[in-house]
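In: Requesting a structural model of the entry that follows:
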Amino acid sequence: MLQPLCTEQFYPSPAADAVVQQLFPIPEAAPLPEAPDPKTCSPQEYLEYYIFPVLLPGMTELLHQAKKEKCFERKRTKFIACDFLTEWLYNHNPRRKDESFTEFFSIPFVHDWLKDHPREPLPLSFFLSEEEASVIIQAFWRGYRVRCDREVQELRQWQKQLRDEKIIFQRVEEFWARQEAKE
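Out: As a prediction, the model looks like this:
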């Protein structure tokens, strides 16, 4: 079983900050370590300095959004975690600080990828609220129960026989022939 993620390390509460500052006063802010050269540093340094400061808050936001989308309560949802994380990382890229928010499908490399590799459309059930889905299910069930009724079954059999004998089509043709003759 998965353990819950402790997000306090990424988003500490103001009350916790005050308590921590009282217990451990910080006399002076320590200077940030100098950035290692990305081409010569070790993989661990590269991850800790260049990847994790952006990726971990993105993963935290991903979990918050997944909770909002009720991904932990349902088997299937319309939420696509990779799409959300791609959009979040693209929009929080330090190289794009002054640029406006870009939706997932408007990101250039995503747009190019989807041109060559189109996705199948998501099922309608992903876009229905629970209330809308329950109304559709109830309507189907009521219709099924009515169609099971003996009198309705007899009516449907009679209609099928009429269609099979093509009497309806003949009568419609005769009716329109008479109407045209009157004019």
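
In: domain ranges for this structure?
Out: Split into domains by the TED database, the chain comes to 43-121, 130-181.

In: Tell me how far the first one lies from the chain's centre.
Out: If I follow you right, that is domain 43-121. Distance of domain 43-121 from its chain centroid, counting by CA atoms, centre = their mean, to the nearest Å, is 12 Å.

In: and of the domains of the chain, who's closest to Glu34?
Out: domain 43-121 (9.7 Å; CB to CB). C-beta: built from backbone N, CA, C; applies to glycine.

In: still on that earlier bit, from the domains of the chain, which stretch is densest packed?
Out: Most buried of those, by mean neighbour count (mean count of other CB atoms under 10 Å): domain 43-121, with a mean of 12.

In: Just the endpoints, please. Distance across that one?
Out: End-to-end span of domain 43-121 (CA to CA, to the nearest Å): 39 Å.

In: What average pLDDT does stretch 140-150 get?
Out: In this model, stretch 140-150 has an average pLDDT of 93.

In: heads up, I number from 50, so please use that
Out: Sure thing, new numbering starts at 50, so read that last one as stretch 189-199.
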